[in-house]
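J.: coordinates only, sequence not included:
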């Protein structure tokens with residue numbers, strides 16, 4: 001994960017549990033397209049919840 005995307009990365013947990021608004025969801029999903037680490041983390045967290 002890249003420190004320049006700290007705000008975006010902070011959405012990871014809330015995104016997985018559906019606790020983000022539409023703007024945050026779109027922002028995070030856009031970020032996911034280019035971040036392999038976050039995609040892997042979302043997949044892992046989705047298995048847990």
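T.: Perfect, I can see it now. Because the structure is predicted, anything quoted here is derived from the model rather than measured.
J.: all strands of this structure, in order?
T.: In the chain, no segments count as strands under DSSP state E.
J.: so where is the chain shaky, pLDDT-wise?
T.: Confidence mapping of the chain against pLDDT under 70 gives the ranges 1-5.
J.: The residue sitting nearest the centre point of the chain and residue 36, how far apart?
T.: By CA atoms, centre = their mean, the mean C-alpha position of the chain lies nearest to residue 12, the distance being 3.4 Å. Going from residue 12 to residue 36 by CB to CB, to the nearest Å gives 13 Å. Every residue, glycine included, has its C-beta placed from N, CA and C.
J.: where do the helices sit along the protein?
T.: 6-9, 12-16, 22-34, 36-48 (DSSP state H).
J.: looking at the ones you listed, which is buried most?
T.: helix 12-16 (a mean of 17; mean count of other CB atoms under 10 Å).
J.: can I assume residue 14 is in contact with residue 27?
T.: No - Residue 14 is not in contact with residue 27 according to CB atoms under 8 Å; the separation is 11.7 Å.
J.: who touches residue 15 in this structure?
T.: Going by CB atoms under 8 Å, 6 or more residues apart in numbering, residue 15 touches 24, 25, 28, 42.
J.: which of those sit farthest apart?
T.: 24 and 42 (13.9 Å; CB to CB).
J.: My guess is the residue nearest to the centre of the chain contacts residue 42. True?
T.: Yes - Residue 12 lies in contact with residue 42 (CB under 8 Å); the separation is 6.7 Å.
J.: Name the residue most distant from the centre of this structure?
T.: Each residue of the chain has a distance to the centre, and by CA atoms, centre = their mean the biggest one is for residue 48: 14.9 Å.
J.: And that one, how far from residue 6?
T.: 22 Å.
J.: so how far is residue 42 from residue 32?
T.: On the measure of CB to CB, residue 32 and residue 42 end up 7 Å apart.
J.: Tell me which residues touch the nearest residue to residue 42 once chain neighbours are set aside, please.
T.: Nearest residue to residue 42 in three dimensions, chain neighbours excluded: residue 16, at 5.9 Å (CB to CB, 6 or more residues apart in numbering). Applying CB under 8 Å, 6+ apart, we find residue 16 in contact with 42, 45, 46, 49.
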